[in-house]
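> How does the following fold in three dimensions:
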Amino acid sequence: MVFSILQRLGQMVFVLFGISALVFLIFFATPGSDPAARIAGRNAAQETVQAIRKDFGFDRPLPVQYAIMMKKLFVSRDLTSFVNRGLEVVPQVMRAAPITLSLVFGAAILWVVGSIAVGVLAAMTRDTIIDKGLMILALIGVSMPVFWLGELLNLVSQSRFHDSFLFSWVPGLGYKPFFDGPWLWFKTLVIPWFTLAALYIGIYGRVLRANLVETYQEDYIRTARAKGLSPSRVMLRHALRMSLIPFVTMFGMDFGVLVGGAALLTEVVFGLNGVGRLTYQAMLNLDLPMILATVMYASFFVVVTNALVDILYVVIDPRVRGN
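Coordinates of the predicted model:
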């Protein structure tokens, strides 16, 4: 077990190294991409470009440039923006990370609980009006774009009906830190949570329902029924447990990507200055250090989440434990 964990940690370090090297080479070694010229701006004099190249160390060999940038990013943590001179990128990412984490963690709880409830109930009432109704609702959730649903909820809660008793409790757009008041933090994020979760409840609910229906055809389910186990026990103890394997795989990928910045549209609609918005602004400005910092942040969460999924497989599936 210890060896497996150490092996997984080694793989994580290798993957992160590969991602950092790839991002660095894309922006610094691609023919025609001169970071010094980008920093100097359009129509800059060659003397200015040369001075910037020397100042930032762009005249040194690529391996040296990579080592210096990684040292500044991970060791000294004083890597500065190319666009906003003197602005350190690591503190910017650290300030944005709690916003994105708060958004994604809350939405993940909603979509996991909601999709399991939808999938289980639909599978247990297969081919009934309840099953068909839930699948229609799930399809509607999948079909609604996040930005459209977010703008619609903003229109209702922030404008048209804000003064009514239903939405008078909704605070203005933006993020309120948890330690400034947990209740205010919750009220700020509850509508963004629902907006982000609606899509995934639809997707995961439909996938789980299909997996449960397929699992119910397996021999071990027939054996459990023949032993006289109650339908709820057969569902929760046997069918659901095995059907969660693809569910967990999907969750690992989606959660890691969202924490890494894929919740951009939700952040923009609700005025949340999270990692997705920070990455988008860095891409617009071609701020290479900021892009590198946010990509490494996103990669870390994707790799860690998938490592946790591998560990969770052992808990869910006894066959993996046996291997």
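
> For the rest of this, base every contact and every neighbour count on C-alpha atoms.
Noted.

> Just the buried residues of stretch 121-138, please?
121-124, 131, 134-135, 138 (16 or more other Cα atoms under 10 Å).

> got CSV for those, with secondary structure too?
CSV is the format used below for those (DSSP: H, G, I helix; E, B strand; the rest coil):
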residue, secondary structure
L121, helix
A122, helix
A123, helix
M124, helix
D131, helix
L134, helix
M135, helix
A138, helix
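
> quick one: secondary structure of the closest residue to P231 other than its chain neighbours?
Closest residue to P231 apart from its sequence neighbours, by Cα to Cα, 6 or more residues apart in numbering: R225 at 7.7 Å. Classification of R225 using three-state DSSP returns helix.

> thought R225 was touching S232?
No - contact criterion Cα atoms under 8 Å: R225 and S232 do not qualify, at 10.7 Å.

> Have a look at these two and say which one is more surrounded.
Taking neighbours as other Cα atoms under 10 Å, R225 and S232 compare with R225 leading, 14 against 11.

> Could you measure from that one over to K72?
From R225 across to K72, the span is 61 Å (Cα to Cα, to the nearest Å).

> Same question for V90.
V90 is 10 Å from K72, by Cα to Cα.

> now swap in V13 and tell me
V13 sits 18 Å away from K72, going by Cα to Cα.

> more crowded one of those two?
For V13 versus K72, neighbours defined as other Cα under 10 Å are more numerous around K72 (17 against 13).

> Spell out which residues are contacts of both of V90 and K72.
78-79 (Cα atoms under 8 Å, 6 or more residues apart in numbering).

> Hmm, I203 is touching I140, no?
No - applying Cα under 8 Å as the test, I203 and I140 come out as separate, 10.1 Å apart.

> which of the two has more neighbours?
Per other Cα under 10 Å, whichever of I203 and I140 has more neighbours is I203, with 20 against 14.

> so which helix or strand takes in that one?
helix 182-215 (DSSP states H and E).

> what sits against F301?
256-257, 259-260.
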